[in-house]
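Enquirer: give me coordinates for this.
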Amino acid sequence: MAYWKSRLGILIAGLIISASPLFAVEYEWKDMSGAVKSLADYKGKPVVLHFWATWCPPCRHELPELEAWSRANSDVEMIIVSLDRDIADVDAFLKSKELSFPALKGDMLKAQHLGVRGLPTTLVIGPDSSIRTMRIGAVHWGEKSDSDSILRALKPDS
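Expert: Numbering: from 1, shown residues only. The predicted structure is shown next:
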């Protein structure tokens with residue numbers, strides 16, 4: 001009987017944990033001037049945090065569509081953080097592709113604390129710092145279903 005009680009307890013604990021939102025750990029990144037920004041700077045606001053790298057083919061492919069989506073949804077806080085080693089390479093890449101995103105550089109090890117396990121990865125973070133949704137792999141930003149999914153996750157009542 002004790003065996004089943006302990007199994008039931010584990011099951012209930014697992015259900016409680018899986019029903020709880022994941023909360024974003026603190027994350028920081030640098031811009032071209034070396035200034036440090038963090039998720040704490042956006043507390044109280046919904047944020048789309050997108051991780052990518054210049055050496056990642058799916059990342060490179062989706063950036064123009066991501067920028068078009070960001071312009072169409074200018075009320076959304078969009079932060080794209082490269083996990084490249086050198087921010088100058090990021091800046092040169094963005095300029096060569098005529099993308100207007102600022103060059104931001106983050107740390108891969110720290111990104112893993114947010115659940116980043118591959119690139120690209122997109123996190124939708126609610127105003128309460130909860131991770132509302134995570135997409136590992138390219139998002140098809142121009143497709144209504146993907147766009148609507150991101151926008152739904154940004155709503156305060158999600």
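
Enquirer: burial of residue 37, as a residue count?
Expert: Residue 37 has 16 neighbours, counted by other C-beta atoms under 10 Å. Where C-beta positions appear, they are placed from N, C-alpha and C, glycine not excepted.

Enquirer: that's a helix at it, yeah?
Expert: No - under DSSP: H, G, I helix; E, B strand; the rest coil, residue 37 falls outside any helix and is assigned strand.

Enquirer: tell me the spacing between it and residue 46.
Expert: Look at residue 37 and residue 46: by C-beta to C-beta, to the nearest Å, they are 17 Å apart.

Enquirer: same question, residue 53
Expert: Between residue 53 and residue 46 the distance is 25 Å, computed by C-beta to C-beta.

Enquirer: where does the chain dip in pLDDT?
Expert: 1-25, 157-158 (pLDDT under 70).

Enquirer: quick one: the strands in it, in order.
Expert: Using DSSP state E, the strands found in the chain span residues 22-23, 28-31, 36-38, 47-52, 77-82, 104-105, 121-125, 130-136.

Enquirer: now the ones you listed in JSON lines, with distance to residue 88?
Expert: Output for the strands of the chain, formatted as JSON lines (distance: least, C-beta to C-beta, whole Å):
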{"stretch": "strand 22-23", "distance to residue 88": "33"}
{"stretch": "strand 28-31", "distance to residue 88": "12"}
{"stretch": "strand 36-38", "distance to residue 88": "17"}
{"stretch": "strand 47-52", "distance to residue 88": "16"}
{"stretch": "strand 77-82", "distance to residue 88": "11"}
{"stretch": "strand 104-105", "distance to residue 88": "10"}
{"stretch": "strand 121-125", "distance to residue 88": "23"}
{"stretch": "strand 130-136", "distance to residue 88": "27"}
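
Enquirer: what's the closest of the ones you listed to residue 115?
Expert: Each of these has some distance to residue 115 by C-beta to C-beta; the shortest is strand 130-136, at 5.7 Å.
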